[in-house]
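Enquirer: model the following, please.
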Amino acid sequence: MNQNLIYNLPRLNSTKYENIFNVYTDVDNNYYYNLLQTIVFPDNLPNSFFVQYTVGNQDAWSLISYKIYNTIDLWWIILLANKISNPLEPLIAGTVLKIPNATVVKDILAQIIS
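Expert: Purely as a prediction, here's the structure:
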C-alpha cells in the first residue's frame, strides 16, 4: 500500500519522494515506510530521455529540480538518474548531470502513485 491510499492521512503531492516507498503498519497500527524500495534507471536508455545540465557554483539538488521541473521536490529523480546515493555530498561546479526530461518524469510519477 502507498501513503496516498491511506485515507486518514493527508494525501502526498505526486512529486514527493515518499511516494516510491510502500507503507506498512506495525502491531500498534503505526505507519512505516519500506525504505529498501527505489527506482532504477537502466543504463541503456536513449539520450532522448535526458537533457544535460552543468552544475553551477551555487547549485543545490532542490535548486536544480526547481530550474528543470519548477518544483523543488523532484531532486531525488535527478540523483537516481545519475546513480548518486548520497544527496548530502556537495555538488561540484562543472559536473554534467543527466536530467530525465519532463515526459519521462511524468510517466514515472504516474506509475508510482497509481
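
Enquirer: from the chain's centroid, how far away is stretch 92-108?
Expert: Here the centre of stretch 92-108 is set off from its chain's centre by 10 Å, with CA atoms, centre = their mean, to the nearest Å.

Enquirer: likewise stretch 52-68?
Expert: Distance, centroid of stretch 52-68 to centroid of chain: 14 Å (CA atoms, centre = their mean).

Enquirer: what comes up buried for that stretch?
Expert: Neighbour-count burial for stretch 52-68, counted by 16 or more other CB atoms under 10 Å, picks out 53, 55, 59, 61, 64-65, 68. In this view, the C-beta of every residue, glycine as well, is placed from N, C-alpha and C.

Enquirer: helix or strand next in line after the strand or helix carrying I78, which one?
Expert: Element membership for I78, per DSSP states H and E: helix 75-81. Next along the chain after helix 75-81, taking DSSP H and E as the criterion, comes strand 96-100.

Enquirer: what residues does that next one touch?
Expert: Residues outside strand 96-100 that contact it (CB atoms under 8 Å, 6 or more residues apart in numbering) are 41, 49-55, 64, 68, 77-78, 81-82, 108.

Enquirer: and the next helix or strand after it, average pLDDT?
Expert: Downstream of strand 96-100, the next assigned helix or strand under DSSP H and E is helix 102-113. Helix 102-113 comes out with an average pLDDT of 78.

Enquirer: thinking again about what came up before, what about the helix holding I78, distance to the chain center?
Expert: The gap between where helix 75-81 is centred and where its chain is centred comes out at 5 Å by CA atoms, centre = their mean.

Enquirer: which strands and helices sit next to it?
Expert: Helices and strands touching helix 75-81, by 3 or more CB pairs under 8 Å, 6 or more residues apart in numbering; DSSP states H and E, are helix 61-69, strand 96-100.
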